[in-house]
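Asks: Make a model of this:
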Amino acid sequence: MKKKWLFTPGPTPIPPEASLAMAQPIDYHRSADTVALIKDVLEKLKHVFQTENDVLFLTSSGTGGMEGAVANLLSRGDKVVVIRSGKFGERWSEICTAFGVEVIPIDVTYGNSVDPQTVGRLLTEHPDVKAVYATLCETSTGALHDIEALAGLTRVRPTLLVVDAVSALGADDLQMDNWGVDVVVSCSQKGLMTPPGLAFAALNQRAWNAIEHSDLPKYYLDYRKAYESGLEGSVPYTPAVTLLTALQCALDRICAEGIRNTIARHSRLATATRSAVKALGLPLFAVSPANTLTSIRLPTEIDGKAFLKLMLDKYGITYAGGQSQLSGKIVRIAHLGWMNENDVIVAISAFERGLAEIGYDIPLGAGVTAAQEAFAR
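Replies: Next up is the predicted model:
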């Protein structure tokens with residue numbers, strides 16, 4: 001009997017009570033129960049975002065939230081700085097370009113994190129920059145960016161800091177209020193342990209002030225409509241009611257654990273996974289790795305695509321591969337959301353078996369031992 005295990009940075013495993021909640025008869029999205037559901041979810045999201053600001057949601061993927069963070073904040077001809085260190089930093093650039101916004105790119109070598117001093121120099125050279133678009137965790141490489149340092153640069157300027165925390169919210173620290181981050185965007189299927197289909201955005205007053213002057217076209221992704229409806233426990237358009245019921249269950253878990261403890265748990269899982277990879281003699285791909293996932297640079301003699309297929313077909317294990325120029329060259333193992341120490345042991349032991357099966361010489365058991373020792377510490 002083959003059991004399936006999911007170790008991708010989204011979708012992530014769903015807690016059983018969240019799955020069961022979605023199996024209940026669907027409710028009318030204007031009913032009193034759904035109004036109470038929406039209000040409860042939006043209030044609990046504040047804890048996860050570490051903010052006193054209201055959070056809004058859209059029925060869309062995380063990319064819908066990202067597009068909204070361009071369409072609602074900017075105007076035609078505005079100038080922005082975009083940190084491009086992987087596929088998702090590049091996505092910010094693509095969205096801005098689609099809306100006719102001038103992009104000043106900071107291209108960072110895949111696997112590296114941006115140097116805040118580089119951002120600071122650009123902001124000094126271009127004082128008219130309206131916003132900096134960044135990622136917390138560049139999911140395509142596993143690299144973590146220093147959002148606290150970036151916020152230190154923008155909060156003393158009339159420049160917004162907009163952060164894609166799509167994969168890393170709840171796994172890597174992002175203290176929106178304490179650090180002075182203006183906009184944080186995320187979604188449901190990563191650290192929030194819910195199926196895909198919901199996007200979220202939290203905005204501070206500086207961001208709302210910018211929205212008042214935006215002239216870019218927006219309709220379905222209009223943040224003001226979503227925000228004003230949310231205050232009443234409503235939505236401007238039909239929401240994914242079943243996903244909201246699952247999200248409520250997932251948020252109950254996070255709030256019971258406490259967001260600081262949730263982040264600490266992810267840190268322990270990440271540390272153990274990285275220790276295991278090093279014990280197997282393999283290099284990490286990200287220079288400053290995130291808690292969200294561990295990216296592993298594969299030796300040139302290993303066909304990464306074939307390895308992933310083997311793991312899925314024979315062992316029921318799904319890891320994530322590399323994207324674009326990294327396809328077949330890295331393996332990404334997520335330790336994100338509804339996961340604990342035992343999940344990491346499964347992920348590492350299966351990884352060892354797969355490497356041994358394809359004939360790659362590793363010290364079998366060394367990774368599991370290193371992970372266990374990390375947990376013991």
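
Asks: C-alpha only now, for contacts and for neighbours.
Replies: OK.

Asks: List the residues that contact Phe307.
Replies: By CA atoms under 8 Å, 6 or more residues apart in numbering, the contact list for Phe307 reads 354-355, 358.

Asks: all helices for the protein, in order.
Replies: Under the criterion DSSP state H, helices of the chain are mapped to 16-22, 32-49, 62-71, 87-98, 116-125, 147-154, 176-179, 205-211, 223-231, 241-257, 259-279, 304-315, 341-357, 366-376.

Asks: What is the burial count for Asp107?
Replies: 14 (other CA atoms under 10 Å).

Asks: For the closest residue in space to it that isn't next to it in sequence, give me its contacts.
Replies: In this structure, Asp107 finds its nearest non-sequential neighbour in Arg84, 4.9 Å apart by CA to CA, 6 or more residues apart in numbering. Listed by CA under 8 Å, 6+ apart, the contact partners of Arg84 are 90, 93, 105-108, 134.

Asks: mind redoing it with 6 Å?
Replies: 90, 106-108 (CA atoms under 6 Å, 6 or more residues apart in numbering).

Asks: Which pLDDT value goes with it?
Replies: You'll see Arg84 listed with a pLDDT of 98.

Asks: surely Thr159 meets Pro127?
Replies: No: Thr159 is beyond contact range of Pro127, at 8.4 Å (criterion: CA atoms under 6 Å).

Asks: More neighbours: these two, which one.
Replies: Using other CA under 10 Å as the criterion, Thr159 and Pro127 rank with Thr159 on top: 23 against 12.

Asks: From Glu94, how far out is that one?
Replies: For Thr159, the distance to Glu94 (CA to CA, to the nearest Å) stands at 20 Å.

Asks: Repeat that for Ser324.
Replies: Per CA to CA, Ser324 is found 15 Å from Glu94.

Asks: Which residue of those two possesses the greater neighbour count?
Replies: Neighbours were counted for Ser324 and for Glu94 using other CA under 10 Å; Glu94 has more, 15 against 10.

Asks: where does the stretch 1-150 of the chain have low pLDDT?
Replies: Across the stretch 1-150 of the chain, nothing is flagged by pLDDT under 70.

Asks: Please pick the buried ones from the contacts of Arg84.
Replies: Listed as buried from these are 90, 106; burial here means 16 or more other CA atoms under 10 Å.

Asks: and the contacts of Arg84 as CSV, adding distance to Gly62?
Replies: Shown next, in CSV, are these (distance: CA to CA, whole Å):
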residue, distance to Gly62
Glu90, 14
Ile106, 22
Asp107, 22
Val108, 22
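
Asks: Nearest to Leu192, out of the contacts of Arg84: which one, please.
Replies: Distances from Leu192 to the contacts of Arg84, taken as CA to CA, are shortest for Glu90 (23.8 Å).

Asks: can you pull the contacts of that closest one?
Replies: Going by CA under 6 Å, 6+ apart, Glu90 touches Arg84.

Asks: and the helices of the chain, which is most packed in?
Replies: A comparison of these by mean neighbour count, using mean count of other CA atoms under 10 Å, puts helix 62-71 on top with a mean of 24.

Asks: Report the inter-axis angle for that one versus helix 223-231.
Replies: If you take axes from the mean of the first three to the mean of the last three CA atoms, to 10 degrees, helix 62-71 sits at 120 degrees to helix 223-231.

Asks: How many residues are close by the closest residue to Asp215 other than its chain neighbours?
Replies: With CA to CA, 6+ apart as the criterion, Asp215 has its nearest non-adjacent residue at 4.9 Å, and that residue is Ser75. When neighbours are counted by other CA under 10 Å, Ser75 registers 20.

Asks: number of nearby residues for His126?
Replies: Here the count is done by other CA under 10 Å, and His126 has 14 residues near it.

Asks: any idea how far Asp78 is from it?
Replies: Taking CA to CA as the measure, His126 falls 12 Å from Asp78.

Asks: for the residue nearest the centre of the chain, what are its contacts?
Replies: A centroid search over the chain (CA atoms, centre = their mean) returns Ser167, at 1.2 Å, as the residue closest to the centre. With contact set as CA under 6 Å, 6+ apart, Ser167 has these partners: Lys190.
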